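> Pasting the sequence and the predicted model now:
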There are 2 protein chains.
Amino acid sequence: MKKNNTAPISGMQELLPNSQAIFNEIKGKIERVYHSHGFQSIETPIIDRTSILLAKAGGDTEKQIYKVIKTSESAEQADQALRFDHTVPLARYVVEHQNELHFPFKVTQIGRNFRGERAQKGRFREFYQLDIDVIGREELSLEYDVEVVATAIDAIKSFLDEKICVRLSNRKILSGLLDELELSDLSDQIFSIIDHAEKVTPESTHQALLEVGISDAKIKILKDFINIRGSRSEVIKSLSDLNISNPAFKEGLSELNFVMELLEMQGFADSIAADMLIIRGLDYYTGSVFETILPNYRSIGSVCSGGRYENLTSNFSDQKMPGVGISIGLTRLFSVLNEYQLLKTTIGKPIDVAIIPFSSEDFSFSYQIAKKLRNLNQSVDIIFLDKKLKNKLNHAAKIANHLILIGEEESKTGLVKVKNLDTGNSLSFEEYISLKNAK
Amino acid sequence: MKKNNTAPISGMQELLPNSQAIFNEIKGKIERVYHSHGFQSIETPIIDRTSILLAKAGGDTEKQIYKVIKTSESAEQADQALRFDHTVPLARYVVEHQNELHFPFKVTQIGRNFRGERAQKGRFREFYQLDIDVIGREELSLEYDVEVVATAIDAIKSFLDEKICVRLSNRKILSGLLDELELSDLSDQIFSIIDHAEKVTPESTHQALLEVGISDAKIKILKDFINIRGSRSEVIKSLSDLNISNPAFKEGLSELNFVMELLEMQGFADSIAADMLIIRGLDYYTGSVFETILPNYRSIGSVCSGGRYENLTSNFSDQKMPGVGISIGLTRLFSVLNEYQLLKTTIGKPIDVAIIPFSSEDFSFSYQIAKKLRNLNQSVDIIFLDKKLKNKLNHAAKIANHLILIGEEESKTGLVKVKNLDTGNSLSFEEYISLKNAK
């Protein structure tokens, strides 16, 4: 009988071993794609100075941050907190270590971040983020915007056999439009309203824009603008047809065109679309912005997003360091893909081979057999239950794909059979080994 | 110029990319050995209820635990904290999920734990622990004590080419001896004195035992006892020669003999020794205890330790769940091995191949070449610096092992050379590919 509430805290993901194995497999695949695209791994501490973590933030972040205190401290003394994303610690890291890094610095961070959000379905307080970023010193070529999107597409396709669509825009386009419409002083509010437009009805977006004090004529222009989406050629034509001469608008348009053209060059035309609704609320983005959806499962929302920030490190250094990055929120993604039964995986039972020795006389030979299999990277469990053979066989059937029984005869002759617990078929040990060697 | 202190908090390990790659390589090797021995991976949340984490603890643990609070909370409201080891969350996990797990449950946990220790050399506040445990329901065969030690030896040998020695004992032996000497009521103090004996002079151990109120005659017996160490046969003989009839003593002796015999059977005789000094301070160990040292670098201390606990879950459940486990503290170990220059690794520069396109006309072919290499799991970086060729070549030489230049001729003919940046030699692309394929 339980004496305590042993459930994890709500908002935490805690998986059973089989699900954990699938989660780890996906994480490993994404990691390998990141590595193949030349991103180097770093890890920053989970605990950092509150003054660093909140140097820029405000709003929700400040409310959601977890502060840490030692037993002897009071809440007021708390000057340390848990990182809530990888971006702020990365900014600290590149400033701290800039003389030992080579720029452009292509970096990946994979780990858990923490936000004390109100627990609700699909929201996690501890969550894995799998980030890639490219950081430049003074300047960073636009080709790296292309590179992070290409890497993200490859990463998602490595574990998901579904149509995906990266929706791209460039914040300079809307900024330029607002400038042209003489609405720049309302840009924070307008960016926020457009950022939320997909979550509400067109009427309430209209109403929100009215309430900010925008004229009907300009609201019509904005509403037409945010409905512009499609292939590169369609969107570039629609935006050019607006005949806006504002330099920021034109620069954004040209950047968007360039980024999409290079993605098409790599064969990603089917996985990308330009979409003027994409804003990415966070105000540090200054150029390209991306969000990724599964068009056949739109309710899942964005599975991977990011963008370009002109100056990552402005709070920590006078050195200008532009960057571009993208992040996969794997904890939430894993949870929703599970729910939609979209996780295809080859993982069966966790153990490749269970070995059951009949008696302690058979231990020595069992260890030899196990060693040979382990040297081939097979996962091997020798079952030492102090129970009847029937119980041992039951246990083996639950955890393992293959079974080896080792008794007096096997120990003496050295001849061993490997039984497939799904099909019931047996191979000789040598046949099994050569099969695994061939892989 | 820096505007802020951007160093990580003291007591945190923050590595440069090259060191991080070595750290990750070692972690991966240990993980693979754990997997090959049939341990299944789980991850528990880093934040848990303070009532769970401190259900058993006391002393240092309580002083060192990091509590977490949200902005709106006061320190008194803090009922959540960061896990300080993997064992307590594991106990909660197996109680919570016991009906969905198969016992004996062979489990591995790899992740960071947190202790607000006073920062000093070799002590970390955030540190990776790589644990394996086997948990039984009601009972757990002694063979699993053997299994965790064998796995630990294989794990350490997977990345360290040094002599190692697992020092083994069994707490029942000393318990039985104290019972025989009618010192059981002083056992907490005596265990603690012996646990510290290696860190102080023999005289101060003698003094400490005197101060507890033990007679000279009994101190002599204890001092002779803790000097018993060596091979299985030597130690078993020395302990048997003490002619102690206490049942706990005899049981401990028999268990130690059994565990070592099965380790010898697996060819580990050279890597193990019985040693009556080994106690493992933590009072939840009840049988086998292990510590691992590098005999040629004794000052490093224990690199891997663990033991048997008769009831893991007594604070959370009435169900008896014995376990045995072992843990590698990789953050500290990595730091000291680095210091002693004991890390041998094959990792050179982080990128396998850098590709430099001469102009944007060459992007398309560069992407094709990159894709072919990435499909072979090669780490490839296309260099898009807006700089002179000389700067690009410099950048490539710093980060990559091989270089491919792609200009008009390469794009037209499709003929590409792969230059080894260490030797200066070149291969054709096809030769390079077939070399990598052969691996």
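Arrived safely.
> number of nearby residues for residue A:319?
When counting by other Cβ atoms under 10 Å in any protein chain shown, one arrives at 15 neighbours for residue A:319. In this view, the C-beta of every residue, glycine as well, is placed from N, C-alpha and C.
> meant to ask about residue A:163
Using other Cβ under 10 Å, residue A:163 has 12 neighbouring residues.
> again with the one 3 residues further on
The local packing of residue A:166 (other Cβ under 10 Å) involves 28 other residues.
> Doesn't it lie inside a strand?
Yes - assessed with DSSP: H, G, I helix; E, B strand; the rest coil, residue A:166 lies in a strand.
> show me what contacts it?
Contact analysis of residue A:166 by Cβ atoms under 8 Å, 6 or more residues apart in numbering or on different chains lists A:149, A:152-153, A:263, A:268, A:271-273, A:290-292, A:304.
> again with residue A:234
Residue A:234 makes contacts with residue A:274, as judged by Cβ under 8 Å, 6+ apart.
> Is the residue in the stretch 301-439 of chain A that chain B sits nearest to part of a helix or strand, or is it coil?
For the stretch 301-439 of chain A and chain B, the shortest gap (Cβ to the nearest Cβ) falls at residue A:381, measuring 3.2 Å. Classification of residue A:381 by three-state DSSP places it in strand.
> Let me know the pLDDT of it.
Residue A:381 carries a pLDDT value of 96.
> got the contact list for it?
Residue A:381 makes contact with A:351, A:353-355, A:399-400, B:37-38, B:106, according to Cβ under 8 Å, 6+ apart.
> how much space between the nearest residue to it once chain neighbours are set aside and residue A:384?
In this structure, residue A:381 finds its nearest non-sequential neighbour in residue B:38, 3.2 Å apart by Cβ to Cβ, 6 or more residues apart in numbering or on different chains. From residue B:38 across to residue A:384, the span is 11 Å (Cβ to Cβ, to the nearest Å).
> Among those two, which residue is more densely surrounded?
residue B:38 (28 against 24).
> pretty sure that one contacts residue A:349?
No - in this structure, residue B:38 is not within contact of residue A:349 by Cβ atoms under 8 Å, at 11.1 Å.
> can you map out the helices along the stretch 51-200 of chain A?
For the stretch 51-200 of chain A, applying DSSP state H, counting those that start in this stretch gives helices covering A:60-64, A:87-96, A:143-157, A:171-180, A:187-196.
> Who does residue A:327 form a beta bridge with?
Here residue A:327 sits in beta bridges with residue A:131, residue A:305, as judged by DSSP bridges.
> thinking again about what came up before, how about CSV for the helices of the stretch 51-200 of chain A, with mean pLDDT, mean neighbour count and distance to chain B added?
Listed next are the helices of the stretch 51-200 of chain A as CSV, based on pLDDT from 0 to 100; neighbours: other Cβ atoms under 10 Å in any protein chain shown; distance: least, Cβ to the nearest Cβ, whole Å:
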stretch, mean pLDDT, mean neighbour count, distance to chain B
helix A:60-64, 80, 14, 6
helix A:87-96, 96, 24, 4
helix A:143-157, 97, 24, 4
helix A:171-180, 96, 22, 19
helix A:187-196, 92, 17, 22
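> For those helices, could you give me a markdown table that also reports distance to residue A:221?
Compiled in a markdown table, the helices of the stretch 51-200 of chain A are given as follows (distance: least, Cβ to Cβ, whole Å):
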| stretch | distance to residue A:221 |
| --- | --- |
| helix A:60-64 | 30 |
| helix A:87-96 | 33 |
| helix A:143-157 | 27 |
| helix A:171-180 | 8 |
| helix A:187-196 | 12 |
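> how far does stretch A:83-96 sit from the chain's center?
17 Å (Cα atoms, centre = their mean, to the nearest Å).
> let me redo that: stretch A:193-208
Centre-to-centre, stretch A:193-208 and its host chain are 27 Å apart (Cα atoms, centre = their mean).
> Same check on stretch A:277-294?
15 Å.
> and what of stretch A:374-383?
Here stretch A:374-383 shows a centroid-to-chain-centroid distance of 31 Å under the convention Cα atoms, centre = their mean.
> what about that stretch, start to end distance?
15 Å (Cα to Cα, to the nearest Å).
> and if you look at stretch A:98-112?
Terminal residues of stretch A:98-112 lie 24 Å apart, using Cα to Cα.
> Spell out which parts of the stretch 301-439 of chain A neighbour chain B.
Contact residues (Cβ under 8 Å from any Cβ of the partner chain) of the stretch 301-439 of chain A with chain B: A:315-319, A:350-351, A:354, A:363-364, A:367, A:371, A:373-374, A:377-382, A:384-386, A:395, A:398-399.
> Checking the residue nearest to residue A:381 next. Helix, strand or coil?
With three-state DSSP as the basis, residue B:38 sits in coil.
> and it, what pLDDT?
Predicted confidence (pLDDT) for residue B:38: 96.
> Roughly how far does it sit from residue B:31?
Residue B:38 sits 13 Å away from residue B:31, going by Cβ to Cβ.
> from what I can see residue A:417 touches residue A:424, true?
No - the criterion here is Cβ under 8 Å, and residue A:417 misses it with residue A:424 at 11.8 Å.
> Any chance you could list what contacts the helix-or-strand element of chain A with minimal mean pLDDT?
Least confident helix or strand of chain A, by mean pLDDT, DSSP states H and E, is helix A:60-64 with a mean of 80. Outside helix A:60-64, the residues that touch it by Cβ under 8 Å, 6+ apart are A:54, A:84, A:115-117, B:70-72.
> can you rerun that using 10 Å?
A:50, A:53-54, A:57, A:84-85, A:88, A:114-118, A:125, A:281-282, B:70-72 (Cβ atoms under 10 Å, 6 or more residues apart in numbering or on different chains).
> Can you report how many residues lie near residue A:296?
12.
> Make sure I have this right: it is in a helix.
Yes - counting by three-state DSSP, residue A:296 falls inside a helix.
> so who does the most centrally placed residue in chain A touch?
Nearest to the mean C-alpha position of chain A, by Cα atoms, centre = their mean, lies residue A:328 at 1.9 Å. Taking Cβ under 10 Å, 6+ apart as the criterion, residue A:328 is in contact with A:26-27, A:30, A:34, A:110, A:128-132, A:152, A:155-156, A:292, A:303-306.
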